[in-house]
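Student: sequence plus predicted model, see below.
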Amino acid sequence: MPFMDLIKKAIFEEEPQAKQPARPAPAPSVPVAAAPIRESAPAYVPMGTRDNQFYARLAKQTDLSAVPELAKIEAYAAPLQSVIPDKSLRYKAALATAQSQGGLTKQAILKGFDALLNVLDSSAGSFDKQSAEVAKTEVDARLAQVNDLNAAIQQRQEEIVNLQQQVKSAQSQAEVSRGKLQEAKSSFAQALERRRAEIQSQRKEFETILE
């Protein structure tokens, strides 16, 4: 598996299961012909992360609709969009209605956001744990391989140095042997000429005697 896929797996594989939102109480009646399209809160996408799969998955894991309290306040606020354009006033009105009809409180809503932050913390812990395992199997294993290769190189270098020393020793011995051989050749040549001269001299002597 490619290295980056292993890293992505660290957060994608163990996606926290968000609690299913409870069905909210009926939304308050408003004098409008039809319910307006739900106003979706703009997702915060930092510069450079629009194509970041980590961010996309974290955003999916912490979708506000997965928290019952946040889904409930949104259900009360959505029908008021065309009636109360101001977002602050709209959600205050929605909270007042949800509080009276469904028992929803400001504290419960804020705890819903805290729950999402806890999901992020859980994802961070899971990522750290699994990325550490990836580091152990991928990074540490590669470093161990590098160390083994370096050790092999060091051993080969030592062997090369040893062979080079043997080559130098053999060359030195060859030079000594060459010198001895040259000395032997010179000595033999001298002995050969000396004995040749002796035999030639004896031949002449016998040639004279036998006349």
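Tutor: Perfect, thanks for sending it.

Student: nearest residue to residue 62 other than its sequence neighbours?
Tutor: The shortest distance from residue 62 to any residue other than its chain neighbours is 4.4 Å, reached at residue 116 (C-beta to C-beta, 6 or more residues apart in numbering). C-betas here are computed from N, CA, C, even on glycine.

Student: ignore what I typed, I meant residue 115.
Tutor: In space, residue 115 comes closest to residue 67 once its chain neighbours are excluded; the distance is 5.7 Å by C-beta to C-beta, 6+ apart.

Student: pretty sure the one you found sits against residue 116.
Tutor: Yes: if you go by C-beta atoms under 8 Å, residue 67 and residue 116 touch, sitting 6.4 Å apart.

Student: higher neighbour count, those two?
Tutor: Comparing residue 67 with residue 116 by neighbour count (other C-beta atoms under 10 Å), the higher total belongs to residue 67, at 25 against 17.

Student: what's the distance between that one and residue 108?
Tutor: 10 Å (C-beta to C-beta, to the nearest Å).

Student: again with residue 90
Tutor: Applying C-beta to C-beta to residue 90 and residue 108 gives a distance of 18 Å.

Student: for residue 54, same thing?
Tutor: Applying C-beta to C-beta, the value for residue 54 to residue 108 is 30 Å.

Student: which one of those two is surrounded by more residues?
Tutor: Applying other C-beta under 10 Å to residue 54 and residue 108 shows that residue 108 carries more neighbours, namely 19 against 15.
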